[in-house]
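S.K.: this is the structure alone, sequence omitted:
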């Protein structure tokens, strides 16, 4: 039932998703996402991999065929349909500049979402922003329909990705533990899991103020801006039902992630959880 409800909610808000996030966070979601992508270190890692690839290419003779890079960085952004996180990763890794050259990029970001409407919006925005070569030729950016708690092996093989990100999506997964298990499965040994999610405010006074804003203002603005009070009411309620920071970290530990931790942002309104799949 929850999965069907989530699918319907995001079909309703796909075109106004950025507006919705601005409403729910007061515009802060843009800063949270910037910080979240910085934590992935995709920028410096991409530079090192590209430099290694350039050295490998320079060692080949002019008569030799170009060699495929021995190092690559594969990222999976789950519940990322409209591309907010993926575009930041693509920019940090300079994939748009790389798409002006031929051949497959050694850096790739795959956007996975259960909702095809969200993916449609994301791909349309990507082609408008970067052009089609980054999708069709260098394949640095891909959009793939998939369920976070059931990532099919033929599409998302085990031990494939170096980085798994999920931003404001884990609370909408029907079975959070299955979602974490699937993240663990598709990561390579040594791969990193990062989750950005609305969370729980430990300060009682701030929590009361946040509750008043969330339960009164957000659904009302949803009605005024998108003519859809129910979808926004669901999104507010889904935040309150999501596990608290320590509980989510414990569930990550139970799945098998190591070196787990979380960082509260803006007083705990959101939190970033991270962990590694052991080598």
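M.R.: That came through fine. Keep in mind the model is a prediction, meaning the values are calculated, not measured.

S.K.: thought residue 243 was touching residue 251?
M.R.: Yes. At 6.8 Å, residue 243 and residue 251 qualify as touching, with contact defined as CB atoms under 8 Å. Every C-beta, even on glycine, is put in place using the N, C-alpha and C of the backbone.

S.K.: need the overlap of contacts for the two.
M.R.: Common neighbours of residue 243 and residue 251, using CB atoms under 8 Å, 6 or more residues apart in numbering, are residue 176.

S.K.: wait, residue 232 touches residue 215, no?
M.R.: No. Counting by CB under 8 Å, residue 232 does not reach residue 215; the two are 10.4 Å apart.

S.K.: the more surrounded of these two?
M.R.: Per other CB atoms under 10 Å, whichever of residue 232 and residue 215 has more neighbours is residue 232, with 25 against 14.

S.K.: what's the closest non-adjacent residue to the more buried one?
M.R.: In this structure, residue 232 finds its nearest non-sequential neighbour in residue 222, 3.0 Å apart by CB to CB, 6 or more residues apart in numbering.

S.K.: got it, and residue 229?
M.R.: Spatial nearest neighbour of residue 229, chain neighbours left out: residue 223 (4.0 Å); criterion: CB to CB, 6+ apart.

S.K.: if I look at that neighbour, how far off is residue 216?
M.R.: 12 Å (CB to CB, to the nearest Å).

S.K.: who's more crowded, the two?
M.R.: Taking other CB under 10 Å, residue 223 and residue 216 do not tie; residue 223 has more neighbours (15 against 11).

S.K.: and the lengthiest helix in the chain, average pLDDT?
M.R.: Secondary structure of the chain per DSSP state H: the longest helix is helix 42-58. The predicted model assigns helix 42-58 a mean pLDDT of 90.

S.K.: who does that helix touch, helix- and strand-wise?
M.R.: For helix 42-58, the elements it packs on are strand 73-78, helix 84-92, strand 107-113, judged by 3 or more CB pairs under 8 Å, 6 or more residues apart in numbering; DSSP states H and E.

S.K.: mind redoing it with 7 Å?
M.R.: strand 73-78, helix 84-92 (3 or more CB pairs under 7 Å, 6 or more residues apart in numbering; DSSP states H and E).

S.K.: how far away from the center of its chain is it?
M.R.: Taking CA atoms, centre = their mean, to the nearest Å, one finds helix 42-58 lying 24 Å from the centre of the chain it belongs to.

S.K.: go through that helix and flag the buried ones.
M.R.: Within helix 42-58, the residues that count as buried by 16 or more other CB atoms under 10 Å are 42, 45, 46, 49, 50, 53.

S.K.: what does stretch 71-90 give?
M.R.: Neighbour-count burial for stretch 71-90, counted by 16+ other CB under 10 Å, picks out 73-90.

S.K.: so how far is that stretch off the chain centroid?
M.R.: Worked out by CA atoms, centre = their mean, stretch 71-90 lies 6 Å from the chain centre.

S.K.: neighbours of residue 70, how many?
M.R.: When neighbours are defined as other CB under 10 Å, residue 70 has 10 of them.

S.K.: number the residues from 397 up from this point.
M.R.: Taking 397 as the first residue, the last one we looked at is residue 466.

S.K.: surely it is in a strand?
M.R.: No. Residue 466: not assigned to a strand; according to DSSP: H, G, I helix; E, B strand; the rest coil it is coil.

S.K.: residue 588: which element?
M.R.: strand 583-594 (DSSP states H and E).

S.K.: now that strand: mean pLDDT?
M.R.: 97.

S.K.: got it, and stretch 597-612?
M.R.: For stretch 597-612, the per-residue pLDDT averages 88.

S.K.: residues contacting it, please?
M.R.: Contacts to stretch 597-612, defined as CB atoms under 7 Å, 6 or more residues apart in numbering, come from residues 632, 663, 664, 665.
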